[in-house]
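Asks: Okay, structure incoming, though there's no sequence with it:
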């Protein structure tokens, strides 16, 4: 019997409660006009965003880091289940041409009633704890931007 063990540091899970109905939160993830305004870490500048939101469709975004480097993030949508779930692969290419191994992101949206939604983000298949921790900071800032965007637009 073969047993696959998850390596230490392979998973990041973040949860956030948002003051908006689930359909509104889902739209912010799948509408390119909305995602292009918030989908980047807090201190990064979004430069471009392309999304073909369907299983097998690609997404790609470019952003500028605080140091001025341009970073490319891209992947392929694996699952779209409006308005409760989406999943996509995730690859980072940094300014020096280093390409991180492909990981997987899943976003689950739970309707809490009273125009509130619980967002749970799983980012899995990291090869190192350092990579996971670097993404924790990026996603935390990105989810802060999402909350601000949803609550102020």
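Replies: Here it is on my side, so go on. These numbers were taken from a predicted model, which means no experiment stands behind them. Numbers count the residues shown, from 1 in each chain.

Asks: can you pull out the strands in this structure?
Replies: 11-18, 45-51, 58-64, 70-81, 85-93, 103-113, 116-124 (DSSP state E).

Asks: Counting neighbours, what do you get for the closest residue to residue 10 other than its chain neighbours?
Replies: Nearest residue to residue 10, sequence neighbours excluded (Cβ to Cβ, 6 or more residues apart in numbering): residue 126, at 5.1 Å. For every residue, glycine as well, the C-beta is placed using N, CA and C. Using other Cβ atoms under 10 Å, residue 126 has 23 other residues around it.

Asks: for residue 41, same thing?
Replies: 21.

Asks: what angle do the lengthiest helix in the chain and strand 70-81 make?
Replies: Using DSSP state H to define each element, the chain has its longest helix at helix 129-152. Angle of helix 129-152 versus strand 70-81, following axes from the mean of the first three to the mean of the last three Cα atoms, to 10 degrees, is 70 degrees.

Asks: what's in contact with helix 129-152?
Replies: Contacts to helix 129-152, defined as Cβ atoms under 8 Å, 6 or more residues apart in numbering, come from residues 8-12, 14, 16, 18-20, 24-25, 28, 34, 37-44, 100, 103, 119, 121, 123, 126.

Asks: which parts of that helix are buried?
Replies: Of the residues in helix 129-152, 131-132, 135, 138-140, 142-143, 145-147, 149-150 count as buried by neighbour count, 16 or more other Cβ atoms under 10 Å.

Asks: cool, stretch 53-68 as well?
Replies: So stretch 53-68, judged by 16+ other Cβ under 10 Å, has buried residues 53, 59, 61, 62, 63.

Asks: May I ask which helix or strand of this protein has the lowest mean pLDDT?
Replies: Least confident helix or strand, the chain: helix 129-152 with a mean of 93, by mean pLDDT, DSSP states H and E.

Asks: what angle sits between that one and strand 116-124?
Replies: 160 degrees.

Asks: Can you check what angle separates helix 129-152 from strand 85-93?
Replies: If you take the same axes, to 10 degrees, helix 129-152 sits at 120 degrees to strand 85-93.

Asks: Adjust the sequence numbering to begin at 55 for everything that follows.
Replies: From this message on, residue numbering opens at 55, which makes the last subject helix 183-206.
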